[in-house]
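Peer 1: Here you go, sequence then predicted model.
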Amino acid sequence: MTTSPAPVTHVRPNYIRIWLYLFVMTVAEVLLAFELPVGRNMKLILLLILAIWKALLVALFFMHLKFERWRLRLIFIVPLPLAAILVTTVIMEKLR
Amino acid sequence: MTHATQTVDQMRPPSPAEPGAGVYSNKLGMWVFLASDVMFFTALIGSYIVLRFGLSSPWAQPGAVLNVPLTGLNTFLLICSSVSMVKAYAAIADGKKYFLRKVPGKRLQDGGLKFWLLVTIICGAGFVGVQLIEYIKLVGHGFTPTGYREGSLLAEHALADPLKYGKEAAGMYGSAFFTMTGFHGFHVTCGVISMLYLYFTKVLPEKYSAQDYRGIEVIGLYWHFVDLVWIILFTIVYLI
C-alpha cells in the first residue's frame, strides 16, 4: 500500500557554497600535512577533524540527511557506533 | 555555519512514500545498502589502522611513495562530480529535463538534468582514469601489493633511506594501500557504469520528470557516499 505524504517543505541548500567549503578544506588538509609547521599529534587530530567535517557536509547537504526523517537517519547512524566498536575491539586485541 | 539559500523553492519527494521508514522502497534499499557499505569500509580502515600502528617498524612517510598532488587533483574531481550530481537532482526536481537552455538576462546558460549528469559521468570516469595512471606509475616505480619490487627505483630509495620509505613494512603498506583504494575505485567504476546506463535508458529518452525521479535520487545517494568514503580515505591513506 502506498500513501502520499504532504510535500516536504525545506529550503534547498546552496550547493556551490558547500562545494567551495569542501575545496577550501581539501587545500587546507594538504597544506597542513606538508607545509605547515605543526606537531605530529596536533596534525593528526586536525586532519581527522577536517575529514570528518567534510564527510558531514556531504552527508547532511548533498545526501540531504539534514532534511530526512529521523527514522531514515537512524539507518545511517546505527552502523557508526558499531563501526567504532569494531575498530576499538580489534585495536585492543592487537595491544593485548 | 550558515548556508545561504540559492533558490527558495520547495523540495518534493520524487514519488509517493511507503509505510515504515516513510520513503519509497528503492531509496530505503539504497540506504540499507549504504549502511552495510559503512561497515565494509570501516573493516578496511580498521584493519589499516591496526596494521599501521600495531607494527614496530614504521610505514613510509606521507608523500614519500604516493603522488599526493595527483591524488589531490583526483579528490577535486570527485568533489566536483558530487556537486554536479546534486545539481542534476535539483534540476530534475524542478522539471528541467533539457541539456542547456538560455535564460533571458543571464550570460550563462541554465543546465538541466542531461547536462549535470553528463558532467558527473565525465568527472567520475576522470577519477577512475587518474587512479589507473597513478597505479601504473606506482607499479612502474616498483610499488606493488607485495612491497617494493627488487631492483626498482623505490627499492633503491628504501635501501638508502629505510625510515622515510618504511622498508620493513613495505609489503603491509602495499597490500593495505591497493586493497583500500582498489575497492573504492571499484565502487566508483560501478557508479559510472550505472550512471551511463541511466543516462542512455532513462535520461536521454526523458523518462524522468518532476513527479518521478527515483533513479536519480538513488544513484545520487550512492555517488555521494562514494565521495564521502574517498574524503576519509584520502586523509588516512595519503596525508597521515
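Peer 2: Received the coordinates, thanks. Keep in mind that this is a model prediction, so the values were computed, not measured. Numbers count the residues shown, from 1 in each chain, chains lettered A, B, ... in the order given.
Peer 1: what's the neighbour count on residue 83?
Peer 2: This is for chain A. 18 (other Cβ atoms under 10 Å in any protein chain shown). Glycine gets a C-beta too; all of them are placed from N, C-alpha and C.
Peer 1: my bad, chain B
Peer 2: 24.
Peer 1: what does residue B:125 give?
Peer 2: Residue B:125 has 18 neighbours, counted by other Cβ under 10 Å.
Peer 1: could you list every residue that touches it?
Peer 2: Residues counted as contacts of residue B:125 (Cβ atoms under 8 Å, 6 or more residues apart in numbering or on different chains) are residue B:192.
Peer 1: which stretch of helix or strand covers it?
Peer 2: Residue B:125 is part of helix B:113-141 when elements are defined by DSSP states H and E.
Peer 1: which parts of that helix are buried?
Peer 2: Of the residues in helix B:113-141, B:113-121, B:123-128, B:130-131, B:134-135, B:138, B:141 count as buried by neighbour count, 16 or more other Cβ atoms under 10 Å in any protein chain shown.
Peer 1: Let me see the contact set for residue B:50.
Peer 2: A:87, A:90, A:91, A:94.
Peer 1: from the residues you listed, which are also near chain B?
Peer 2: A:87, A:90, A:91, A:94 (Cβ under 8 Å from any Cβ of the partner chain).
Peer 1: Among these, the buried ones, what's the ChimeraX command?
Peer 2: The following ChimeraX line selects those of these that are buried, judged by 16+ other Cβ under 10 Å:
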select /A:87,90
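Peer 1: which one of the ones next to chain B among the contacts of residue B:50 is nearest residue B:213?
Peer 2: Set against residue B:213, the nearest of the ones next to chain B among the contacts of residue B:50 by Cβ to Cβ is residue A:87 (37.0 Å).
Peer 1: Touching, that closest one and residue B:44? I think so.
Peer 2: No - contact criterion Cβ atoms under 8 Å: residue A:87 and residue B:44 do not qualify, at 10.7 Å.
Peer 1: Identify the residues contacting the nearest residue to residue A:65 once chain neighbours are set aside.
Peer 2: Of all residues not flanking residue A:65 in the chain, residue A:59 sits nearest, at 5.0 Å (Cβ to Cβ, 6 or more residues apart in numbering or on different chains). By Cβ under 8 Å, 6+ apart, the contact list for residue A:59 reads A:65, A:76, B:224, B:228.
Peer 1: which among these gets closest to residue B:210?
Peer 2: Of all the contacts of residue A:59, residue B:224 has the smallest distance to residue B:210: 21.0 Å, by Cβ to Cβ.
Peer 1: Can you tell me the element that closest one falls in?
Peer 2: Using DSSP H and E, residue B:224 falls within helix B:214-233.
Peer 1: CA atoms of that helix as PDB?
Peer 2: What follows is helix B:214-233, C-alpha atoms only, in PDB (Å, rounded to 0.1, in the frame of the first residue of the first chain):
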ATOM      1  CA  ARG B 214      13.600   8.000  -8.100                       C
ATOM      2  CA  GLY B 215      16.600   6.600 -10.200                       C
ATOM      3  CA  ILE B 216      18.400   9.900 -10.000                       C
ATOM      4  CA  GLU B 217      17.900  10.300  -6.300                       C
ATOM      5  CA  VAL B 218      19.000   6.700  -5.600                       C
ATOM      6  CA  ILE B 219      22.100   6.800  -7.800                       C
ATOM      7  CA  GLY B 220      22.900  10.200  -6.300                       C
ATOM      8  CA  LEU B 221      22.900   8.800  -2.800                       C
ATOM      9  CA  TYR B 222      25.300   6.100  -3.900                       C
ATOM     10  CA  TRP B 223      27.600   8.600  -5.600                       C
ATOM     11  CA  HIS B 224      27.700  11.000  -2.600                       C
ATOM     12  CA  PHE B 225      28.600   8.100  -0.400                       C
ATOM     13  CA  VAL B 226      31.500   7.100  -2.700                       C
ATOM     14  CA  ASP B 227      32.700  10.700  -2.400                       C
ATOM     15  CA  LEU B 228      32.300  10.600   1.400                       C
ATOM     16  CA  VAL B 229      34.400   7.500   1.700                       C
ATOM     17  CA  TRP B 230      37.100   9.000  -0.500                       C
ATOM     18  CA  ILE B 231      37.300  12.100   1.700                       C
ATOM     19  CA  ILE B 232      38.100   9.800   4.600                       C
ATOM     20  CA  LEU B 233      40.500   7.500   2.600                       C
END
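Peer 1: which helices and strands does that helix pack with?
Peer 2: helix A:40-57, helix B:25-54, helix B:68-93, helix B:113-141, helix B:170-198 (3 or more Cβ pairs under 8 Å, 6 or more residues apart in numbering or on different chains; DSSP states H and E).
Peer 1: Any chance of CSV for those, columns distance to residue B:101 and mean pLDDT?
Peer 2: Shown next, in CSV, are the helices and strands packed on helix B:214-233 (distance: least, Cβ to Cβ, whole Å; pLDDT from 0 to 100):
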stretch, distance to residue B:101, mean pLDDT
helix A:40-57, 29, 94
helix B:25-54, 29, 89
helix B:68-93, 10, 95
helix B:113-141, 9, 97
helix B:170-198, 21, 96
